[in-house]
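[1] here you go, sequence then predicted model.
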Protein chains: 2
Amino acid sequence: MSGPRPTEDGLIARYFGPLAGPGADGLSDDAATLTPSAGHDLVLTADAVVAGVHFFADDPPASIARKALGVNCSDLAAKGAAPRGVLLTLALADDWTEEWLAGFAAGLAAGLTDFGIPLLGGDTVRSGGPASIGVTAIGEVPSGTMVRRMTAQVGDRLCVSGTIGDAALGLTLRRGPMPPWGRAIGTPARAALIDRYWHPRPRLALAPVLRAQARAAMDVSDGFAGDLAKMLKGGHRSAEIVLADLPLSRAAARAVAADPTVMTTILTGGDDYEILCAVAPERLDACLADAEVAGIPLSVVGTVTHGAEPPGFRAAEGGLLRFPAGSFSHF
Amino acid sequence: MSGPRPTEDGLIARYFGPLAGPGADGLSDDAATLTPSAGHDLVLTADAVVAGVHFFADDPPASIARKALGVNCSDLAAKGAAPRGVLLTLALADDWTEEWLAGFAAGLAAGLTDFGIPLLGGDTVRSGGPASIGVTAIGEVPSGTMVRRMTAQVGDRLCVSGTIGDAALGLTLRRGPMPPWGRAIGTPARAALIDRYWHPRPRLALAPVLRAQARAAMDVSDGFAGDLAKMLKGGHRSAEIVLADLPLSRAAARAVAADPTVMTTILTGGDDYEILCAVAPERLDACLADAEVAGIPLSVVGTVTHGAEPPGFRAAEGGLLRFPAGSFSHF
């Protein structure tokens, strides 16, 4: 980089000011305003991603920005909320370059557009270590309609959006060394899995469907098995999942074919950012139909059962796998 | 620490769950809800503090928590907003201990109570480097009444709350080595200055006064001279400040008496977290009276003038000091 380093204000004005939404006034004031819709509750969530923990320091900066944003929008989607705005705190690594920052801003701009959420404010600091990005996402729901995590009832059907396990396999490939199953599935499948790790797809289109049809929901971010256990914690509830019904991408299915033990990674790895929801049996058909209209694949994978044991996963041969709770944690 | 490290969920439940406000459901869900008051806008701000940049890694953890919170509440106060909630992202240093975390949580609890703001959510991660705390603070104002930073007009009187420069002197003392003026002012004065550095006092009681009486306001966080320049940027506005009218604490005044060059630190150092506001001349008396009722000292220090040069500081001897813009930056 030539010339002196720009000031924080200069950086913000150059890279983030142009991305600011209405109410943020080009990020020129100390705070932004947001006018909530009448008769609505705000839904608030904050999640940070850290280099070396949630992403690799040499991941493309545009992907890092998009992921930080996507992870938080995924929480809004799971709660049935429409996105209203984000605030972003970027802690730059000591070796940051303007090229990195320009890439980050470009990825952020793309994510803001794709997820339909305006940038309302933020802060840029030196981290003194690895880069990290903290995001607070704000959404809204008609008053009293936020979809809860803990409210599933025995007998509810469990559904999951998209496909499970791709990002965890993508992480394995991104980290290296190449596992035998990675070699077996070929280059395009490997690229597809890494893309899922880099680019969460928050299921915002599913939000109104969840509000209308789901009894409980959460996003799958720390592994399907662990998050399902979290959803059912307390209240003497467990679940039975039919493994054959778990939606896998073609790439993941080929990986399992090459090495059946990959199934453990699929079930316990993180970073899916899909929606897990519990639906009353009488609502199931309507829920699936609404999801189809919303353009989001939704698969029925099991049922909430009585019991205190961790959720069981029934294999084709009839065996029941259980994973201890909290088998995956970013922390 | 004995035994295995607790999980993120365990830590959150133990230390932060008990602090959660209404709508946050003990932090047991993925998001919190907030019901905005009818006819109000939300005011949103995000500021992070980083060990080694904004605080010392070995500062008391309770002070660090309180500072992270105070810094953000100070922005709400300056915008005329009543606090509604905060989300906090704690990035722990690799060498964190449960004792540190317990102290942090205690300071956070005290700050939440003192500033009257509920904890709505957050995230706890490993930083991979120094500790950092990102806070998003949410306040509200009657629709359309957020006090802006850039709207001061020529002829407006400039006022500042409390005293200026204490925290910057406190930082000098905290950093060491002891300057001659530090030795001259004595132990209690030194402690008072360091306390100001550690414990910002967000002027939330001034918020309704600013909404009613001020034309523009911001909080003084990056140094009085630089922030004043920022407030008047563009629009061919400058200011003349009467140095003798700048409110100094007894400790700061004694430091200046011992070493007049300390005045530069007072004017350009950061971390004041006082309110700088511009008030139309016809509103000045009402503004000062309202501030007195609110229990916040407010001093008239100068006037907004025509001109493009940085604000001038008139010394008793008649000379006019000017500081280049951006003389202090945390970044």
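    Structure's in. What do you need? Residues are numbered from 1 along each chain as shown, chains lettered A, B, ... in the order given.
[2] contacts, neighbours, all on C-alpha from now
    Noted.
[3] three-state assignment of the residue in the stretch 51-200 of chain A positioned nearest to chain B?
    Distances between the stretch 51-200 of chain A and chain B by C-alpha to the nearest C-alpha are smallest at A:G129, namely 4.5 Å. What DSSP: H, G, I helix; E, B strand; the rest coil gives for A:G129 is coil.
[4] that one and A:A62: what is the separation?
    Relative to A:A62, A:G129 is positioned 20 Å away (C-alpha to C-alpha, to the nearest Å).
[5] can you pull the domain assignment for chain A?
    Following automatic domain parsing, chain A resolves into domains at A:8-27+A:39-142, A:157-322.
[6] does the longest one reach chain B?
    Yes. Domain A:157-322 comes into contact with chain B when judged by C-alpha under 8 Å from any C-alpha of the partner chain, the residues involved being A:M218.
[7] avg pLDDT for that domain?
    In this model, domain A:157-322 carries a mean pLDDT of 96.
[8] just to revisit the earlier point, could the domains of chain A be laid out in TSV, adding mean neighbour count?
    What follows is those, written out as TSV (neighbours: other C-alpha atoms under 10 Å in any protein chain shown):
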stretch	mean neighbour count
domain A:8-27+A:39-142	22
domain A:157-322	20
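[9] where do the strands sit along the stretch 201-331 of chain A?
    In the stretch 201-331 of chain A, the strands defined using DSSP state E, counting those that start in this stretch lie at A:216-220, A:237-242, A:274-279, A:298-306, A:312-314, A:320-322.
[10] show me the contact partners of the first one.
    Applying C-alpha atoms under 8 Å, 6 or more residues apart in numbering or on different chains, the set of residues contacting strand A:216-220 from outside is A:74-75, A:77-79, A:147-152, A:210, A:227, A:231, A:270-279, B:30.
[11] can you rerun that using 7 Å?
    A:74-75, A:78-79, A:147-152, A:227, A:272-278 (C-alpha atoms under 7 Å, 6 or more residues apart in numbering or on different chains).
[12] and it, which strands flank it?
    strand A:274-279 (antiparallel) (DSSP bridges).
[13] may I have the partner strand exported as PDB, CA atoms only?
    The C-alpha trace of strand A:274-279 is given here as PDB (Å, rounded to 0.1, in the frame of the first residue of the first chain):
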ATOM      1  CA  GLU A 274     -30.500 -24.600   7.200                       C
ATOM      2  CA  ILE A 275     -33.800 -24.500   9.100                       C
ATOM      3  CA  LEU A 276     -34.900 -27.200  11.500                       C
ATOM      4  CA  CYS A 277     -38.500 -26.900  12.500                       C
ATOM      5  CA  ALA A 278     -41.200 -28.800  14.300                       C
ATOM      6  CA  VAL A 279     -44.600 -28.900  12.700                       C
END
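[14] residues in contact with that strand?
    A:78, A:152, A:156-162, A:203, A:213-220.
[15] can you pull the phi/psi pair for the closest residue to A:T268 other than its chain neighbours?
    Spatial nearest neighbour of A:T268, excluding adjacent residues (C-alpha to C-alpha, 6 or more residues apart in numbering or on different chains): A:G223 at 4.4 Å. A:G223 adopts backbone torsions of phi 110, psi 130, taken as degrees, to the nearest 10.
[16] do A:P130 as well
    According to degrees, to the nearest 10, A:P130 has phi -70, psi 160.
[17] likewise for A:I117?
    phi -130, psi 130.
[18] so which of the strands of the stretch 201-331 of chain A comes closest to B:G139?
    Closest to B:G139 of the strands of the stretch 201-331 of chain A is strand A:216-220 (C-alpha to C-alpha; 27.1 Å).
[19] quick one on the thing from earlier: so what's the residue of the stretch 51-200 of chain A closest to chain B closest to, chain neighbours aside?
    Distance criterion C-alpha to C-alpha, 6+ apart; nearest residue to A:G129, sequence neighbours excluded, is B:G129 at 4.5 Å.
[20] cool, A:G162 as well?
    A:P297 (5.3 Å).
[21] which ones are touching that neighbour?
    A:S161, A:G162, A:A291.
[22] relative to B:L19, which of the domains of chain A is closest?
    So among the domains of chain A, domain A:8-27+A:39-142 is nearest, using C-alpha to C-alpha, at 16.2 Å.
[23] just put the strands of the stretch 201-331 of chain A in TSV and tack on distance to A:T261.
    Shown next, in TSV, are the strands of the stretch 201-331 of chain A (distance: least, C-alpha to C-alpha, whole Å):
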stretch	distance to A:T261
strand A:216-220	21
strand A:237-242	17
strand A:274-279	22
strand A:298-306	20
strand A:312-314	14
strand A:320-322	12
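[24] can you tell which of those strands is closest to B:D9?
    B:D9 sits nearest to strand A:216-220 of all those, at 15.2 Å, using C-alpha to C-alpha.
[25] just the CA trace of that closest one, in PDB.
    Extracted as PDB, the C-alpha positions of strand A:216-220 are listed here (Å, rounded to 0.1, in the frame of the first residue of the first chain):
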ATOM      1  CA  ALA A 216     -40.800 -24.300  16.800                       C
ATOM      2  CA  ALA A 217     -37.700 -23.600  14.800                       C
ATOM      3  CA  MET A 218     -34.000 -22.900  14.900                       C
ATOM      4  CA  ASP A 219     -31.200 -22.700  12.400                       C
ATOM      5  CA  VAL A 220     -28.800 -25.600  12.100                       C
END
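[26] what ranges does the stretch 51-200 of chain A have for its helices?
    Under the criterion DSSP state H, counting those that start in this stretch, helices of the stretch 51-200 of chain A are mapped to A:61-78, A:98-115, A:166-175, A:180-185, A:187-198.
[27] for the ones you listed, which one sits closest to B:G170?
    Going by C-alpha to C-alpha, the one of those nearest B:G170 is helix A:98-115, 33.8 Å.
[28] in the stretch 1-150 of chain A, which spans are strands?
    In the stretch 1-150 of chain A, the segments counted as strands under DSSP E, counting those that start in this stretch are A:32-34, A:40-50, A:82-92, A:119-126, A:132-142.
[29] and the third one, which strands flank it?
    On the basis of DSSP bridges, the sheet neighbours of strand A:82-92 come out as strand A:119-126 (parallel), strand A:132-142 (antiparallel).
[30] now swap in the second one and tell me
    Each strand pairing with strand A:40-50, determined using DSSP bridges, is listed with its direction: strand A:132-142 (antiparallel), strand B:32-34 (antiparallel).
[31] okay, angle between the first one and helix A:61-78 too, please.
    Think strand A:132-142. Here strand A:132-142 runs at an angle of 30 degrees relative to helix A:61-78 (axes from the mean of the first three to the mean of the last three C-alpha atoms, to 10 degrees).
[32] gap between strand A:132-142 and the chain center?
    Centroid separation for strand A:132-142 versus its chain: 12 Å, with C-alpha atoms, centre = their mean, to the nearest Å.
[33] which other residues reach that strand?
    Strand A:132-142 has contacts (C-alpha under 7 Å, 6+ apart) with A:39-51, A:68-69, A:72-73, A:76, A:80-92, B:89, B:134, B:136.
[34] circling back to that earlier point, and the residue nearest to A:T268, how far is that from A:F323?
    In terms of C-alpha to C-alpha, A:G223 sits 11 Å off from A:F323.
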